[in-house]
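A.B. asks: Please work out how this folds:
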Amino acid sequence: MSSLFSSNPKSLRIIGDVHGDWHAFKHAVHTNHFIIQLGDLVDYGAESGKVMALMLKVIEEKRGLFLIGNHDRKLGLVLKGHKPRIDNALNETIEQINSHHDKELPEKIIHALEQAPAWIVLKKLIFVHAGFHTRMLTEQPPLNPLAQINPLLSRALYGETSNKLYKSGYPVRKLKWVNHIPEGYTLYCGHDCRSTDGRPWVRKGYAGGTAIFMDTGASKGGHLSWVDITL
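C.D. replies: Reported below is the predicted structural model:
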């Protein structure tokens, strides 16, 4: 995965789900650390267009990258003319993008999403939006995550679900995958806002690996979190 980096960064800043919180995101990316954003840049917040434009600027400056999240992928499909299930949050995101001063922003977003990795393995560090599978340690992510989905990409985007539903209609998410993270590995993910104290939530797996859940509710009543790692 080293080919994803334009240089050999000495430190990383790992940023959780942004969900359109541009004010927090612009502070998070103001750093000398190489940025890895864990996906779900858009939806719920008031400035998803500005968030995407800023992320593209970071990529252009070769200062960071983002992993594709489930909200990002759905946005990409809509911008390409597909018709997945659209909700109010996505409709608002599209309006924010279309009202941005850069009228080429939709095409730029599609291009970035088609190239975004679904997971990264860097030494004993794993980065993924939602959930882990051991095959991610040996298999490359899809070259275009907006193309046909497969079980491994589904795990990366949505995690692991049960056949039970919340009152909202969304499936209950399981965390059995955490137990398969190998000893000595640390995984950073978003997707699930598991925090109870405003800080990233840490869970140790039975195999000895560790998962750190970075979603702390930005634009959903919480805030944006990030951590810095020295390599």
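A.B. asks: show me where pLDDT drops low in this protein?
C.D. replies: Judged by pLDDT under 70, the chain has its weakly predicted residues at 1-3, 6, 165-171.
A.B. asks: hmm, try it at 90
C.D. replies: 1-9, 82-88, 148, 161-174, 192-196 (pLDDT under 90).
A.B. asks: what ranges do the helices span in it?
C.D. replies: Secondary structure of the chain by DSSP state H: the helices cover 22-28, 48-60, 70-79, 88-98, 105-115, 151-158.
A.B. asks: For the most centrally placed residue in the chain, which residues are in contact?
C.D. replies: Centroid-nearest residue in the chain: Gly39, 1.5 Å away (criterion: C-alpha atoms, centre = their mean). Applying C-beta atoms under 8 Å, 6 or more residues apart in numbering to Gly39 gives the contacts Asp17, Phe66, Leu67, Ile68, Gly69, Asn70, His71, Asp72, His129, Ala130, Gly190, His191. Every residue, glycine included, has its C-beta placed from N, CA and C.
A.B. asks: What residue, apart from its backbone neighbours, is nearest it spatially?
C.D. replies: Excluding its sequence neighbours, the residue lying closest to Gly39 (C-beta to C-beta, 6 or more residues apart in numbering) is Gly69, at 2.6 Å.
A.B. asks: Would you mind measuring from that neighbour to His30?
C.D. replies: 22 Å (C-beta to C-beta, to the nearest Å).
A.B. asks: Many thanks, I have nothing further to ask.
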